[in-house]
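In: predicted model and sequence below, questions to follow.
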Number of protein chains: 2
Amino acid sequence: MQTFFKVKSAHDIYESLKDIKPLGVEKVHIINSLNRVIATDIIAQEDLPGFNRSTVDGYALNARDTFGASEGLPTPLYVVGEVKMGESPAFVIKRGECCLMPTGGMLPEGADSVIMVEYSQVLEDGMVEITRPVSPLENVIQSNDDLRKGEIIIRKGCLLRPQDLGVLAGLGIIEVDVFIRPKAAIISTGEELVYIGEKPKPGQVRDINSYTIGALCSSLGVQPIYLGIIRDKFEDLKALIEKGLIKADVVLLSGGSSVGVKDITLDVFKAFEGMEILAHGVSISPGKPTIIARRGNKTLWGLPGHPASAMIIFYVFLKYLLGKLTGLSVFDKFGGRYIEAEIDRNIDTKSGRDDYIRVKCSWSGEKWIATPILGKSGLISTMVEADGIIKVDMNTEGIYEGETIKVLLF
Amino acid sequence: MQTFFKVKSAHDIYESLKDIKPLGVEKVHIINSLNRVIATDIIAQEDLPGFNRSTVDGYALNARDTFGASEGLPTPLYVVGEVKMGESPAFVIKRGECCLMPTGGMLPEGADSVIMVEYSQVLEDGMVEITRPVSPLENVIQSNDDLRKGEIIIRKGCLLRPQDLGVLAGLGIIEVDVFIRPKAAIISTGEELVYIGEKPKPGQVRDINSYTIGALCSSLGVQPIYLGIIRDKFEDLKALIEKGLIKADVVLLSGGSSVGVKDITLDVFKAFEGMEILAHGVSISPGKPTIIARRGNKTLWGLPGHPASAMIIFYVFLKYLLGKLTGLSVFDKFGGRYIEAEIDRNIDTKSGRDDYIRVKCSWSGEKWIATPILGKSGLISTMVEADGIIKVDMNTEGIYEGETIKVLLF
């Protein structure tokens, strides 16, 4: 008996996952914080750079002394000292005075600007002539130009980029609170599967999904826990999923594509107390025979056995779920990595479901051309050949040759 | 005395680095091979899946037996057995016969197609009626449909993606040859720098570049080796660079932005026997005061002290160099991650140099709008605020408000 399919749309599934919470918080040294999700707002506890700095090599002075200065009528100033890098000048600049100033050096009290060395001429007797006027604050980074004390610099839920590590370093923040990386238990089911080290007998194939799904998890900063291959026996499957639920934050089962086995997966999911079936079938193609169950913050996924279908489900749903678990507040401002391309043939699709079409892209000299890869969805080679996928929304009936579409790149 | 500037264009610099070679090769388990660069072509040593598989649940049969079958005139067939997942069928299908067939199961000898269970009706006496015709090979993945023995699947110099790990798994390739990850020695120079754990005195600032440059290296799969902060003393600097040249494949020095120190960096670079100065100044902004030297396959970089400028030089040149060292044959087919955006004000630039302008992007509801961030280039906060950079080529004089430009996203 075929179990009643509780087919859900992508929208329904996002809705039923939207309250998934990030895990706990841990402290890491900033040197290990790249691509981690920050768990608190970061507020500047001090001004940066913290003192007025010169941005050029030249002379620090009072801008007013240079007003009207020109090559024909230069302003002579007394050179009262030289600022050393990394030191606080021990002298003060009065009207009619200046001092030698290196790039990045600290302006002495009394100086409000720096003239570039190119617009000066050294005279005798410790004097220098200035041949151009400067404005107040010209060639100066003020004490709080870079960061102002009390300002929020990085917001909770952002992925830390190299420049973010830079401001943290600049402020002396050595450790940051980041969300704990989620763990994903990965299980492949199917009587026909053998480990990759084994030679398959006729009728058997090697386990592919553990590696593609595991790598997809890694690429999002999620730790894969490989629980191996399991035969389609109710008790064995239940015990292994139980182990996954203890060890990990999400359990990703793939396979079980024949009717009987699909029923076992669903039955096992239902056998966990308090486990709610969110979807038995999803209205996207490929990937329809996906089962999703949830208990609290943990979810169980019965992914299709076809490697390409399982990968599509990962891109469409698991990226969203794992983003939630990772604590990302904004998934990706730009909606992933994509290009605009012109499709080179008509694509007909069935309405009532979102179709994801694999495409290969080539550069025409002027624009990108996307060519659909029309292989059977079970073939992993089609994913290797493809550069990305395009989505044909359930509310459209297809795409016409020559239309410009968005290709989500792998 | 200002040393004569050997200012080079970006094109010249790419030319002088184009023969940089990848490092050696190492074997890794495919589970650790994500984002590694493959060092050999991978050729399929066998067909995949290796046998004819059904893509549906149904009956395997001889297509010819179903020609002309309809609901009104169904074809009766003897059911001679049931194929089990993962097993080679022990029986043969003759004309007038069929067998039960699960999705993913192996077709028995004699069968050339599978009819979906929906188009069959079970009769008494071990017979079934077929109510539709099928074509030969319908609902069948042939033995070599996914991969054909002898075919090149992955080409040398590619970055391994999740689906590539999938085909490697499918073929039973457990270990792959990948290029060894390069190492980058990272040194910050400047009398004004203190470690991030220290409280800077007036005139001092914390070291930012070690963290931004180190993180940029990590993001490309290059291992950063942090050699710390060094004062601008010739002998000390030379000794530390020497150490970097021994430990790493590239030495990235930053800082030394004042005139005197710039000269020391150049002098130290020149003091290494056989070290050729490739550039003393580059025609890009920000980042002009960059020094590049090369001896054999190793290069020394004197990056600007300003964190933002040093990062831009990294994006423009070091990504290219590190790609070469990493063994990438195609850097990125799509030229990095970018979006098309409309610029919201005029940008004037000096001709004779490539300008890199930091921009923040916002979605108007219809398109991306890029707003230039016009802060001083020394400020790390401008990089934090920015989403990416745009390039204004040296052969143009600027960009007009409303033009559509390519934003390279961080």
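Out: In hand now; what should we look at? Residues are numbered from 1 along each chain as shown, chains lettered A, B, ... in the order given.
In: farthest residue from the center of chain A?
Out: Checked against the mean C-alpha position of chain A, the extreme residue using C-alpha atoms, centre = their mean is residue A:125, at a distance of 60.2 Å.
In: for residue A:68, give me its contacts.
Out: For residue A:68, the residues meeting the contact criterion (C-beta atoms under 8 Å, 6 or more residues apart in numbering or on different chains) are A:75, A:133. Where C-beta positions appear, they are placed from N, C-alpha and C, glycine not excepted.
In: which SSE is it in?
Out: Applying DSSP states H and E as the criterion places residue A:68 outside every helix and strand.
In: roughly how far apart are it and residue B:353?
Out: Distance, residue A:68 to residue B:353, by C-beta to C-beta, to the nearest Å: 32 Å.
In: the residue farthest from the centre of chain A and chain B, how far apart?
Out: Separation of residue A:125 from chain B (C-beta to the nearest C-beta, to the nearest Å) stands at 23 Å.
In: pLDDT score for that residue?
Out: Residue A:125 is assigned a predicted lDDT (pLDDT) of 88.
In: same question, residue A:280
Out: If you check residue A:280, the pLDDT there is 92.
In: make sure residue A:11 is indeed in a helix.
Out: Yes. With DSSP: H, G, I helix; E, B strand; the rest coil as the criterion, residue A:11 is assigned to a helix.
In: mind listing what the longest strand seen in chain A pairs with, with the direction of each?
Out: Across chain A, the longest stretch assigned as strand under DSSP state E is strand A:354-363. When pairing is defined by DSSP bridges, strand A:354-363 lines up against strand A:284-285 (parallel), strand A:368-372 (antiparallel), strand A:388-392 (antiparallel).
In: so residue A:54 touches residue A:142, yeah?
Out: No. Contact criterion C-beta atoms under 8 Å: residue A:54 and residue A:142 do not qualify, at 11.3 Å.
In: what about those two, which has more around it?
Out: More neighbours sit around residue A:54 than around the other of residue A:54 and residue A:142, counting by other C-beta atoms under 10 Å in any protein chain shown; the figures are 24 against 14.
In: who are the contact partners of the closest residue in space to residue A:349 that isn't next to it in sequence?
Out: Of all residues not flanking residue A:349 in the chain, residue A:355 sits nearest, at 4.2 Å (C-beta to C-beta, 6 or more residues apart in numbering or on different chains). Neighbouring residues of residue A:355 by C-beta under 8 Å, 6+ apart: A:284-285, A:347, A:349, A:391-392.
In: report the beta-bridge partners for residue A:355.
Out: Legend: beta-bridge partners of residue A:355 under DSSP bridges are residue A:285, residue A:392.
In: and the pLDDT for it?
Out: Reading off the confidence values, residue A:355 has pLDDT 94.
In: what of residue A:37?
Out: In the prediction, the pLDDT value recorded for residue A:37 is 97.
In: that one contacts residue A:157, doesn't it?
Out: Yes. Contact criterion C-beta under 8 Å: residue A:37 and residue A:157 qualify, at 6.4 Å.
In: those two - which one has more neighbours?
Out: Between residue A:37 and residue A:157, counted using other C-beta under 10 Å, the more crowded position is residue A:37 (23 against 19).
In: I'd like to know how far the closest residue in space to residue A:90 that isn't next to it in sequence sits from chain B.
Out: Once flanking residues are discounted, residue A:90 sits nearest to residue A:81: 7.7 Å by C-beta to C-beta, 6+ apart. Noted for residue A:81: a distance of 14 Å to chain B, by C-beta to the nearest C-beta.
In: got it, and residue A:228?
Out: Applying C-beta to the nearest C-beta, one obtains 12 Å for the distance of residue A:228 from chain B.
In: surely that residue is in a strand?
Out: Yes. Read with three-state DSSP, residue A:228 is one of the residues of a strand.
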